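>>> A predicted structure for the sequence below; I have some questions about it.
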Amino acid sequence: MNKIKQKLAAGEVVTLFNPDFTSPRLVEYLGGLGLDVVWIDAERMSYDFERIEEMTRAAKIAGIASVARPWMNDPGLITRYFDCGVDGIMIPHVEDGATARKMVDIVRYARPKDHADKIVIIMVETPAAIDNIDEIAAVEGVDVINIGVNDVALALGFPGQPEHPEVTALLEKAIARVVKGGKTAGLNVLVNWEQRMPWLLSQGVRWLNVRTNNIIARGAKQYTDLLKQHSPRL
C-alpha cells in the first residue's frame, strides 16, 4: 500500500496542491514543504503527455504522490496517464454509482498488477450527484470522494459563492454521508484557510485541496501591504 493510502486508512489528513503552473521544478520545491500530493489538472491546463511525465518524475524526486485529472473520462486517456507514471486519477463529472464503478474498472484495466496501490478520486460536482453519493461511496476501489464546491455553488444558483449558507448546508450533509459510507471526503480549502480548514476538519474532511496561486497571492499581498505600511513618506 502506498503511503497516501496508508494515511487515508489511518484517518490522517492529506493535502493535495494544484501547482497552477506546468513546472516540474515548482512541484519538486513545493513537495519539500510538507504537502502530500501534486494535482496535475489536465482538464484545465495545457499539459501534454511528456510534461505529465516530467511532473510525475519531479513528484517522485520530492517524495510525494501525483494525481492527474483528465479532460474526459476515456479509458485510453486514463491508461496513458498511468503509463506516464501518475500515482492516481481524479475523475470528474461522476453522477452516480454506475459511473464510479466503470471508472474503477478502467483503473483496474490500466494497471492490472498494481491497481490496488493507485489512488482513485471521484469528483462529485452537482446536487444530483450528491443525491447519489451513498451509492458512489459504496463502490469498492474508490478512495476519495471530492466535492467540487464551486461547481455545486453554481448549480445551486450561487456562482462565486462557495460559502453561501445553502451551499454549506448541502456540503455538511454530503460530507457526513461520504464519511458514513467509509470513504474519505475531499474539499477545497479556498483562500480563507484560517477559518475554512478548522471547519472542514471538524466536519470529517481528510483530503484538502489548495492552490499554489492562492499561496503565492497571499504571500505577495502580505509583503506589499507591509511595504506600504512601513515605506518612508516622501
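Now that the structure is in, tell me what you want to look at. Everything numeric here is computed off the predicted structure, so don't read it as measured data.
>>> max-length helix in this protein?
Assignment by DSSP state H gives helix 212-230 as the longest helix of the chain.
>>> mind giving me the packing neighbours of that helix?
Judged by 3 or more CB pairs under 8 Å, 6 or more residues apart in numbering; DSSP states H and E, the packing partners of helix 212-230 are strand 14-18. C-beta: built from backbone N, CA, C; applies to glycine.
>>> residues in contact with the strand it packs on?
4, 7-8, 30, 34-39, 41, 67, 184, 186, 206-213 (CB atoms under 8 Å, 6 or more residues apart in numbering).
>>> put the buried members of these into a PyMOL selection.
In PyMOL syntax, the buried subset of the contacts of strand 14-18 is picked out as below (16 or more other CB atoms under 10 Å):
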select buried, resi 4+7+8+30+35+36+37+38+39+41+67+184+186+206+207+208+209+210+211+212
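>>> got phi/psi on the residue most central in space within the chain?
For the chain, the residue sitting closest to the mean C-alpha position, by CA atoms, centre = their mean, is Asn209 at 5.1 Å. When read as degrees, to the nearest 10, the backbone of Asn209 gives phi -110, psi 130.
>>> next up, the contacts around the closest residue in space to it that isn't next to it in sequence.
Excluding its sequence neighbours, the residue lying closest to Asn209 (CB to CB, 6 or more residues apart in numbering) is Asn188, at 4.6 Å. Residues in contact with Asn188 (CB under 8 Å, 6+ apart) are Val149, Asn150, Pro162, Leu208, Asn209, Val210, Arg211.
>>> can you give me the helices in this protein?
Under DSSP H, the chain gives helices at 3-9, 24-31, 49-62, 75-83, 97-110, 127-131, 133-137, 149-155, 165-180, 193-203, 212-230.
>>> and these as a markdown table, adding distance to Thr15 and mean pLDDT?
Listed next are the helices of the chain as a markdown table, based on distance: least, CB to CB, whole Å; pLDDT from 0 to 100:
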| stretch | distance to Thr15 | mean pLDDT |
| --- | --- | --- |
| helix 3-9 | 10 | 95 |
| helix 24-31 | 10 | 96 |
| helix 49-62 | 13 | 97 |
| helix 75-83 | 21 | 96 |
| helix 97-110 | 22 | 97 |
| helix 127-131 | 23 | 97 |
| helix 133-137 | 22 | 98 |
| helix 149-155 | 16 | 95 |
| helix 165-180 | 17 | 97 |
| helix 193-203 | 10 | 94 |
| helix 212-230 | 11 | 94 |
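>>> could you dump these into CSV with distance to Asn18 added?
CSV is the format used below for the helices of the chain (distance: least, CB to CB, whole Å):
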stretch, distance to Asn18
helix 3-9, 16
helix 24-31, 10
helix 49-62, 12
helix 75-83, 16
helix 97-110, 21
helix 127-131, 21
helix 133-137, 23
helix 149-155, 13
helix 165-180, 20
helix 193-203, 14
helix 212-230, 6
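>>> compare those and report which one is nearest to Val120.
Distance to Val120, taken as CB to CB, is lowest for helix 97-110 among the helices of the chain, at 5.7 Å.
>>> which outside residues touch that closest one?
Against helix 97-110 from outside (CB under 8 Å, 6+ apart): 73, 75, 78-79, 82-83, 89, 91, 94, 115, 118, 120, 122, 132, 135-136, 138-142.
>>> mind running it again at 6 Å?
Applying CB atoms under 6 Å, 6 or more residues apart in numbering, the external contacts of helix 97-110 come out as 75, 78-79, 82, 91, 94, 115, 118, 120, 122, 135-136, 139, 141-142.
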